[in-house]
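Engineer: requesting a structural model of the entry that follows:
(2 chains)
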Amino acid sequence: MWDWEFAYSILPKLLKVVDVTIEATLSGFVLAALLGMLLAFGRRSKRKPIAWASGLVVEFIRSTPLLIQLYFLYFALPFYGISLPAFTVGVIGLGLHYSTYLSEVYRAGIENVPRGQWEAAIALNFSRSQTWMRIILPQAIRPVVPVLGNYLITMFKETPLLSTITVVELMQTAKMIGSQSFRYLEAFTIAGFLFLLLSYLSAIWVRRMELRLEQK
Amino acid sequence: MFTPLLHGVEVTLQVMACSAVAALLLSFTAGLCRLSKWAWVRMAAAVYVEFFRGTSLLVQMFWLFFALPILGIELEPMTTGVLALGLNYGAYGSEIVRSSIQAIPKGQTEAAIALNLTSFQRMRSVILPQAFTLMLPAFGNLLIELLKGTSLVSLITLSDLTFTGMLMRTANIARTPEILGLILVIYFVLAYSLTLVVRWLERRVSAGRV
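Structural biologist: Alright, predicted model coming up:
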């Protein structure tokens, strides 16, 4: 049965590793946001091979489990002479996986910018990079910010997978506490509630941002 | 190298099929409950959805697998895996059901009321058939997410594709890149076949409607 005393005694240990989880999420998200942009540009490229290759990368990574991708990066890359610390591998895995989702979000945003905006930019003699930076991207990104925010929350909930490649985050710590004391109930319940609490708080934050963008 | 992996694929597909059925049932139950006239039904459904969407799938699965026995409930790994996947994806699916039903124009409900249909008839023969067309693409995506999610059952000792592959790896460390690469390709082929099936279904369902 539930043991309050035990629950109190392990709470500080679990709270201490929350920042590892958050750090992994944020670093992964920054990587995903940048790589996703590259992939979105790649898919729109005029050079057929680049567009085709970006499309294949997106489809392949999106359709395969993050768990196996993490295993591949962690266990197979050393065979090609690349050995990275577990945390770095985890961030790269998360970032790579979600960059394919974010590239689709960007793509939808870019496609939603009316054609007339492109034509106007050409008529005003803007260069290609000026058109992108000043006309298209600002209009493409603003409406998709809430969607990006939702992916941030989704990524946060996927970080427990990093425990499988020995990153000592929330889940790994809960598992260690459980295996040492043979009491998994309290450790996993607290870990679950921490996830619920944090994703709920970030959902409120995303919703607020959405409202603020609508007002503009 | 293929034969043991094929057995793993079988387990993966089995887990996917069972949890897809569970998730689908829960999606419709919870989705319809969230639109109920009774506030307490709406509340209960909302708590279920928010809880399972807010916590992590792996945490839920581990909780069912490691924590339930302490409370005196012991489940088979297969049951645990299917339960966790079904509950988790059912929560996401219920949002698809809810938003699709809400997307049907109000006039349809009003017309059904004017025709003196009962609320059950209204749902069954007017609203749901139209909402179903809207749900299909989203459910297709969810099914692929579910297929990827099944890889987590390897962590609660089910010998699915992932588990089999990792077992083969320990027996032959030097072949790690090939084995893991092959697993990725198998998942991709499975997911892509699902995409094709869903696209075919979408064409069939929307034929003559759009």
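Engineer: and the next helix or strand past the lowest-mean-pLDDT helix or strand in chain B?
Structural biologist: Every helix and strand in chain B was compared by mean pLDDT, DSSP states H and E; the lowest is helix B:119-121, with a mean of 88. Using DSSP states H and E, the next helix or strand after helix B:119-121 towards the C-terminus is helix B:128-149.
Engineer: list the buried residues in that following helix.
Structural biologist: B:128, B:131, B:134-136, B:138-149 (16 or more other CB atoms under 10 Å in any protein chain shown). Just so you know, the C-beta spots here come from the backbone N, C-alpha and C atoms, and that holds for glycine as well.
Engineer: other residues contacting the next helix or strand after that helix?
Structural biologist: As assigned by DSSP H and E, the chain's next helix or strand after helix B:128-149 is helix B:161-171. Contacts to helix B:161-171, defined as CB atoms under 8 Å, 6 or more residues apart in numbering or on different chains, come from residues A:65, A:67-68, A:71, A:75, B:1, B:4-5, B:7-9, B:11-12, B:151, B:153-154, B:157, B:159, B:175-176, B:179-180, B:182-183, B:186-187.
Engineer: buried among these? Make that a ChimeraX selection.
Structural biologist: The following ChimeraX line selects those of these that are buried, judged by 16+ other CB under 10 Å:
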select /A:65,67,68,71,75 /B:5,8,9,11,12,151,153,154,159,175,176,179,180,182,183,186,187
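Engineer: B:Val197 versus A:Trp205, what's the distance?
Structural biologist: A:Trp205 sits 38 Å away from B:Val197, going by CB to CB, to the nearest Å.
Engineer: where does pLDDT dip in the chain?
Structural biologist: I'll assume chain A. A:216 (pLDDT under 70).
Engineer: hmm, no, I was thinking of chain B.
Structural biologist: B:208-210.
Engineer: and it, which of its residues are near chain A?
Structural biologist: B:50-51, B:54-60, B:62-63, B:66-67, B:70-71, B:144, B:148-149, B:151-152, B:154-155, B:162, B:165-166, B:169, B:176-177, B:180-181, B:183-184, B:187-188, B:191-192, B:195 (CB under 8 Å from any CB of the partner chain).
Engineer: return the set of buried residues in the biggest helix by length in chain A.
Structural biologist: Secondary structure of chain A per DSSP state H: the longest helix is helix A:4-43. For helix A:4-43, the neighbour count (16+ other CB under 10 Å) marks A:7, A:10, A:14, A:17-18, A:20-22, A:24-25, A:27-29, A:31-33, A:35-37, A:39-43 as buried.
Engineer: could you point out which element follows it?
Structural biologist: helix A:48-63.
Engineer: from the contact counts, what lies against that next one?
Structural biologist: helix A:4-43, helix A:86-111, helix B:176-206 (3 or more CB pairs under 8 Å, 6 or more residues apart in numbering or on different chains; DSSP states H and E).
Engineer: A:Met209 and A:Val147, how far apart?
Structural biologist: 11 Å.
Engineer: looking at those two, which is more packed in?
Structural biologist: A:Val147 (18 against 14; other CB atoms under 10 Å in any protein chain shown).
Engineer: in this structure that one contacts A:Val105, no?
Structural biologist: Yes. Between A:Val147 and A:Val105 there is a contact under CB atoms under 8 Å: 5.1 Å.
Engineer: using CSV, list the CA coordinates for stretch A:157-177.
Structural biologist: C-alpha atoms of stretch A:157-177 as CSV (Å, rounded to 0.1, in the frame of the first residue of the first chain):
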residue,chain,number,x,y,z
LYS,A,157,6.6,13.7,-22.3
GLU,A,158,8.9,11.7,-24.5
THR,A,159,12.0,12.4,-22.5
PRO,A,160,11.5,9.3,-20.2
LEU,A,161,12.7,7.3,-23.2
LEU,A,162,16.2,8.8,-22.6
SER,A,163,16.3,6.6,-19.5
THR,A,164,16.7,3.6,-21.9
ILE,A,165,20.1,4.9,-23.0
THR,A,166,21.2,5.5,-19.3
VAL,A,167,20.5,9.3,-19.1
VAL,A,168,19.8,9.9,-15.4
GLU,A,169,16.5,11.9,-15.8
LEU,A,170,13.3,11.7,-13.9
MET,A,171,12.2,8.2,-15.1
GLN,A,172,15.6,6.6,-14.6
THR,A,173,15.8,8.0,-11.1
ALA,A,174,12.3,6.7,-10.3
LYS,A,175,13.4,3.3,-11.6
MET,A,176,16.6,3.3,-9.6
ILE,A,177,14.7,4.2,-6.4
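Engineer: so how far is it from its chain's centroid?
Structural biologist: Centroid separation for stretch A:157-177 versus its chain: 17 Å, with CA atoms, centre = their mean, to the nearest Å.
Engineer: touching chain B at all, that stretch?
Structural biologist: Yes. Interface with chain B: stretch A:157-177 contributes A:157-161, A:163-164, A:171, A:174-175 (CB under 8 Å from any CB).
Engineer: which of those residues count as buried?
Structural biologist: Buried, going by 16+ other CB under 10 Å: A:157-161, A:163-164, A:171, A:174-175, out of the residues of stretch A:157-177 next to chain B.
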